[in-house]
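1. show me how the following folds:
(one chain, ligands or ions: 1)
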Amino acid sequence: MNKKKLSQFIREIPKCDLHVHLDGSLRVPTLIELAGESNVNLPSYTEQGMYEKVFKGTYKDLPDYLQGFSYSISVMQTPENLERVAYEFAWDNINEGVCYVEVRFAPQFHVNRYMTVEDVVASVCRGLDRAKKEYNSGVSVTGGKKPEFEYGIIACAMRAIFPGIADYFDKFMLVHSYSSASRVGALASYELVLAMIKVRDMGYPIVGCDLAGAEYGFPANDHKDAYSLAHRNFFKKTVHAGEAFGAESIFQAITDLYADRLGHGYYLFSEDMITDPQITDKKDFISKLVQYIADRRITIEVCLTSNMQTNPAIGSLENHSFKKMLEHKLSTTICTDNRTVSMTTVSRELELAINHFNLTQSQIKNCIIYGFKRSFHPGTYNEKRSYVRKIIDFYEEAERKFL
Ligand SMILES: [Zn+2]
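-> I've put the predicted structure just below:
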């Protein structure tokens with residue numbers, strides 16, 4: 001397929017994004033406008049300036065990459081702003097043919113004097129629902145030409161909390177001042193899951209939990225109790241793992257946190273990233289872990305551009321471990337991570353994957369359909385099945401048109 005035809009094909013097929021952070025996906029003009037209204041200081045008040053200073057396309061490392069979030073989170077502190085950001089986010093996805101998103105964010109970053117966790121989630125859902133209703137009542141959906149837009153919310157707990165990270169966490173640390181930092185982090189995650197159970201039972205589509213933030217030095221099993229609570233309450237689980245640390249972090253995500261999916265998994269195959277002295281045969285450990293992930297169909301949320309930005313040492317995309325994931329027949333889905341911070345879209349990520357890893361038509365199809373199949377769809381199992389069936393039909397129709 002030539003370049004033009006490929007981008008038309010990608011435009012046409014139904015797509016999903018299972019790993020995308022709301023606070024990393026704000027429209028830049030909106031960020032500037034809301035910062036002006038909320039008296040938030042930005043390093044620049046022009047779009048170009050923000051692209052030069054914050055959303056740069058290339059970054060030194062993960063901490064550099066994460067800087068932009070402080071600005072976006074600062075403007076997402078009122079119900080109106082959260083609703084607007086969520087509404088625009090939904091339309092940005094719809095406009096490129098992404099019909100299913102699992103959008104994630106850390107609700108505790110937005111709790112303040114005026115908003116509880118329930119208010120935060122309700123505001124985001126208002127924005128997403130408004131876009132969903134507008135689109136789904138449009139003629140392309142009602143006329144059966146396009147699949148309807150659907151979404152779920154993944155609540156992020158934070159691997160590490162430290163002073164100044166957010167008002168909520170500062171207060172949390174203050175009232176637990178006799179506990180260690182890791183214990184306070186674990187308690188905050190547990191509190192989040194308790195809140196999510198309540199909010200989900202109020203009817204909001206909270207479909208799963210995630211663990212985000214700095215990975216190295218902050219082990220997943222600190223959050224074991226929170227994830228166990230989530231597990232016992234039928235939440236699905238994903239964990240950022242193997243983004244800045246290796247196979248042992250992925251192992252913890254699966255064994256201690258019951259991960260159904262893995263965010264990134266980039267360092268899965270890297271023997272040199274294993275530091276646990278008890279793992280003496282690193283090759284054997286990785287081989288068994290890979291087999292387990294493959295066999296259990298634990299899906300890896302691959303974010304190519306984001307990985308290149310947070311790990312510049314990868315050099316070129318061809319060196320990305322996605323190649324090995326394909327060789328080992330792992331279940332993968334292509335995601336953006338952050339539409340604005342990574343300056344990307346689902347279509348662009350798919351195009352990169354197809355062009356740089358020479359994906360065959362059946363590999364492309366598997367990757368797309370696996371995303372929908374391994375999604376944490378908010379409906380019943382039968383509803384999910386019929387949605388996925390519909391997606392496959394739309395996909396095959398696009399195949400007939402283009403292939
Ligand atoms: Zn992420």
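2. do you have the helices of the stretch 101-250 of the chain handy? List them.
-> Per DSSP state H, counting those that start in this stretch, the stretch 101-250 of the chain carries helices over the ranges 117-136, 139-142, 167-175, 181-201, 224-232, 247-255.
3. what about the spatially closest residue to L359 that is not a sequence neighbour, how many residues close to it?
-> What sits nearest to L359 in space, not counting adjacent residues and going by CB to CB, 6 or more residues apart in numbering, is A353, at 6.2 Å. For glycine as for every other residue, the C-beta is placed from the backbone atoms N, C-alpha and C. Here the number of neighbours of A353 (other CB atoms under 10 Å) works out to 22.
4. just the mean pLDDT for the helix or strand where A353 lies, thanks.
-> Assigning secondary structure by DSSP states H and E places A353 in helix 346-356. Averaging pLDDT along helix 346-356 gives 97.
5. check stretch 289-297 too.
-> 97.
6. what lies in contact with that stretch?
-> The contact list for stretch 289-297, computed with CB atoms under 8 Å, 6 or more residues apart in numbering, reads 247, 250-251, 254, 262, 265, 268-269, 298, 300, 328-331, 374.
7. I'd like to know which of those residues are buried.
-> Listed as buried from the contacts of stretch 289-297 are 247, 250-251, 254, 262, 265, 268-269, 298, 300, 330-331, 374; burial here means 16 or more other CB atoms under 10 Å.
8. now, which of these sits nearest A86?
-> Using CB to CB, R374 is the member of the buried ones among the contacts of stretch 289-297 that lies nearest A86, at 23.6 Å.
9. check contacts around the closest one.
-> 18, 260-261, 297, 299, 331, 333.
10. stretch 41-58: end-to-end distance?
-> Across stretch 41-58, the terminal residues are separated by 23 Å (CA to CA, to the nearest Å).
11. hmm, back to that, now, which of the contacts of stretch 289-297 sits nearest A122?
-> Of all those, A122 sits closest to R374, with 27.5 Å by CB to CB.
12. distance of the closest one relative to K171?
-> Separation of R374 from K171 (CB to CB, to the nearest Å) stands at 37 Å.
13. still on that earlier bit, looking at the helices of the stretch 101-250 of the chain, which is closest to S44?
-> For S44, the closest of these is helix 167-175, at 25.0 Å, according to CB to CB.
14. can you point out the buried residues in stretch 295-307?
-> Buried residues in stretch 295-307 (16+ other CB under 10 Å): 298-307.
15. picking that back up, tell me which residues touch the residue nearest to L359, please.
-> With CB under 8 Å, 6+ apart, A353 has these contacts: 302, 304, 322, 334, 359, 367.
16. strands of the stretch 1-150 of the chain, start to end?
-> Assigned by DSSP state E, counting those that start in this stretch, the stretch 1-150 of the chain shows strands spanning 15-21, 98-105, 150-158.
17. distance to E134 added to those, as TSV?
-> Formatted as TSV, these follow (distance: least, CB to CB, whole Å):
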stretch	distance to E134
strand 15-21	19
strand 98-105	14
strand 150-158	13
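18. those: which one's closest to T345?
-> Each of these has some distance to T345 by CB to CB; the shortest is strand 98-105, at 8.2 Å.
19. quick one: mean pLDDT for the closest one?
-> If you average the pLDDT over strand 98-105, you get 98.
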